[in-house]
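In: sequence first, then the predicted structure:
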Amino acid sequence: MNFKVTKTEKSRFENINYETLGFGVHFSDHVFISRYKDGKWDDGAIEPYGLLPFEPGLCVFHYGQSIFEGLKAFESLKGGVNIFRPDMNVNRLNRSAEIVCIPTYDEERLLAGIRELVKIDAKFIPRKKGQSLYIRPVVFGSGHFLGVTAASEYHLIVMTSPVASYYAAGLNPVKIMVSTDHVRAVQGGVGAAKTAANYAASLWAGMDAHKRGFSQVLWLDGVNRKDIDEVGAMNIMFVIDDELITPSLSKGTVLAGVTRNTVLTLAKEFGMKVSERNISIDEVAEAHANGRVKEVFGTGTAAVISPVGLLEYKGKEMIFNGMKIGPVAQKFYDTITSIQYGEVEDTHKWNQHVDL
Ligand SMILES: Cc1ncc(COP(=O)(O)O)c(C=O)c1O
């Protein structure tokens, strides 16, 4: 597929200090952009990153009809660039689209647009292990109309951002607060979609958690506040006895994480017993009291694996593996990152390789 390319006149590259990258602070020179009008998407094009002309009546400003994705590209040890499982993200973008009534996008075209964008802005891809190029597709209702109805015009924009290693100071376990006051999603709602509303709905509880010294919130089901859904922007996994347990996706309240799928696939290959099922906070508390919880960790694109050292529930603290990363979490982290950086053979064909 060939896309119309309009190059920027002034690169943003010189303004970036790769020693202090942070997350999502810097943007590369170009975007892949496509517009939906009169019932169809256009072919998409590469354009300079910059201002867009929108009026105050823009649909998404009012009713939040917006979805996004997050994936990463890595400089491969073997040369070129590896984009990790972009097919999964593009497919999930379309599942999110259906949930909030946004017209779906041709997945092959979007993958081609992402590859082209990464190639054009390849100089922005960080060189150090741990760093990466974060890729953020976003789709939003862009007509100007105040009726509460699905928009008739949309923009799809893919931007990229060089980001720091999540673990500059090592793989340190985090402290998580189990939220009993707030909920993120309910059955029949939009919890399975990567839509703006879910992130707006998470901010209040997240701020409460931060004020109290926790890094994220663990969400329980919205009805009984018992079954575990997920953590902040990660899926959650428990190693109880010798079983790897993660909440199932069947209730539609949990995001189907790409890293979650990657870990579950690897765990089965490692010969672990794997269960996707309902798991309540009471079951975790009881197993913890009996010394059966060996490890707890989150999975997500940003950190890959994030060990959970402590969960606070109703004022009581549960500490896991002595606040240290455990062997299971470490093994998943090492295996996944070595595939992403091209250090080992990618037997699952998870990377989409871009030659430079
Ligand atoms: C709410 C939520 N759950 C889980 C995840 C983990 O998903 P993934 O592994 O695809 O990054 C994310 C991050 O995208 C998220 O925002």
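Out: It's in. Numbering: from 1, shown residues only.

In: wait, what's in contact with G232?
Out: Listed by C-beta atoms under 8 Å, 6 or more residues apart in numbering, the contact set of G232 reads S202, G206, S215, Q216, V217, G298. Quick note: C-beta positions are derived from backbone N, CA and C, even for glycine.

In: between these, which is closest to N94?
Out: Proximity of the contacts of G232 to N94 (C-beta to C-beta) peaks at S202, which lies at 22.9 Å.

In: now the residue nearest to the closest one when sequence neighbours are not counted: how far from the ligand?
Out: If you skip the residues right next to it in sequence, S202 has R184 as its closest partner in space, 5.6 Å away by C-beta to C-beta, 6 or more residues apart in numbering. Taking C-beta to the nearest ligand atom, to the nearest Å as the measure, R184 falls 8 Å from the ligand.

In: also A193?
Out: As defined by C-beta to the nearest ligand atom, A193 lies at a distance of 10 Å from the ligand.

In: also V139?
Out: When distances are taken as C-beta to the nearest ligand atom, V139 and the ligand turn out to be 15 Å apart.

In: A201 now?
Out: A201 sits 11 Å away from the ligand, taking C-beta to the nearest ligand atom as the criterion.

In: who in the chain is up against the ligand?
Out: The interface of the chain toward the ligand, taken as C-beta under 6 Å from any ligand atom, is made up of 70, 230, 233-235, 255, 257-260, 299-301.

In: farthest-separated two in those?
Out: The farthest-apart pair in these, when distances are taken by C-beta to C-beta, is G70 and E230, at 14.8 Å.

In: who's more crowded, these two?
Out: With other C-beta atoms under 10 Å as the criterion, G70 and E230 differ in neighbour count, and E230 comes out ahead with 25 against 17.

In: spatially, what comes nearest to the residue of the stretch 101-250 of the chain found nearest the ligand if we skip its sequence neighbours?
Out: At 3.6 Å from the ligand, A233 is the closest residue in the stretch 101-250 of the chain, using C-beta to the nearest ligand atom. The shortest distance from A233 to any residue other than its chain neighbours is 5.7 Å, reached at G300 (C-beta to C-beta, 6+ apart).

In: please apply the same query to Y154.
Out: The spatial neighbour of Y154 that comes closest, neighbours along the chain excluded (C-beta to C-beta, 6+ apart), is Y36 at 3.9 Å.

In: where does the one you found fall, helix, sheet strand or coil?
Out: In terms of secondary structure, Y36 is strand; the call rests on DSSP: H, G, I helix; E, B strand; the rest coil.

In: so it makes contact with P103?
Out: Yes. Under the criterion of C-beta atoms under 8 Å, Y36 makes contact with P103 at 5.8 Å.

In: can you list residues touching both of these two?
Out: If you check Y36 and P103 against C-beta under 8 Å, 6+ apart, the residues they both contact are Y154.

In: those two: which is more packed in?
Out: Per other C-beta under 10 Å, whichever of Y36 and P103 has more neighbours is Y36, with 21 against 17.

In: would you mind measuring from that one to the ligand?
Out: 24 Å.

In: OK, contacts around that residue?
Out: In this structure, Y36 makes contact with D42, P103, E153, Y154, H155, L156, judged by C-beta under 8 Å, 6+ apart.

In: one more time with 7 Å
Out: When the contact criterion is C-beta atoms under 7 Å, 6 or more residues apart in numbering, the partners of Y36 are P103, E153, Y154.

In: and the second one, what are its phi and psi?
Out: By that I understand E153. Geometry field for E153 lists phi and psi as phi -130, psi 150, criterion degrees, to the nearest 10.

In: so it touches F145, yeah?
Out: No. If you go by C-beta atoms under 7 Å, E153 and F145 don't touch, sitting 8.8 Å apart.

In: nearest to I120, of the residues of the chain next to the ligand?
Out: Taking the residues of the chain next to the ligand together and measuring to I120 by C-beta to C-beta, the closest member is G70, at 20.0 Å.

In: surely the closest one touches T259?
Out: No. Here G70 lies out of contact with T259, judged by C-beta under 7 Å, at a distance of 10.6 Å.

In: which residues do those two both contact?
Out: Once C-beta under 7 Å, 6+ apart is applied, the residues that G70 and T259 both contact turn out to be T301.

In: and R136, helix, strand or coil?
Out: Taking three-state DSSP, the label given to R136 is strand.

In: for it, give me its contacts.
Out: R136 neighbours (C-beta under 7 Å, 6+ apart): F68, E69, G70, V158, M159, S161.

In: and the last one, what pLDDT?
Out: Looking at S161, its pLDDT stands at 98.

In: wait, a strand at it?
Out: Yes. Looking at S161 with three-state DSSP, it is inside a strand.

In: and it, how many neighbours?
Out: With neighbours defined by other C-beta under 10 Å, the count for S161 comes to 20.

In: returning to what we had before: hang on, the residue nearest to A233 packs against E230?
Out: No. With contacts defined as C-beta under 7 Å, G300 does not count as touching E230, sitting 9.2 Å away.

In: tell me which residue of the protein is furthest from the middle?
Out: N290 (33.4 Å; C-alpha atoms, centre = their mean).

In: now, the contacts of G232 that are in strands?
Out: Counting by DSSP state E, these place Q216, V217, G298 in strands.

In: same list (the contacts of R136) but as a markdown table, adding distance to A192.
Out: Converted to a markdown table, the contacts of R136 look like this (distance: C-beta to C-beta, whole Å):
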| residue | distance to A192 |
| --- | --- |
| F68 | 14 |
| E69 | 14 |
| G70 | 16 |
| V158 | 22 |
| M159 | 24 |
| S161 | 25 |
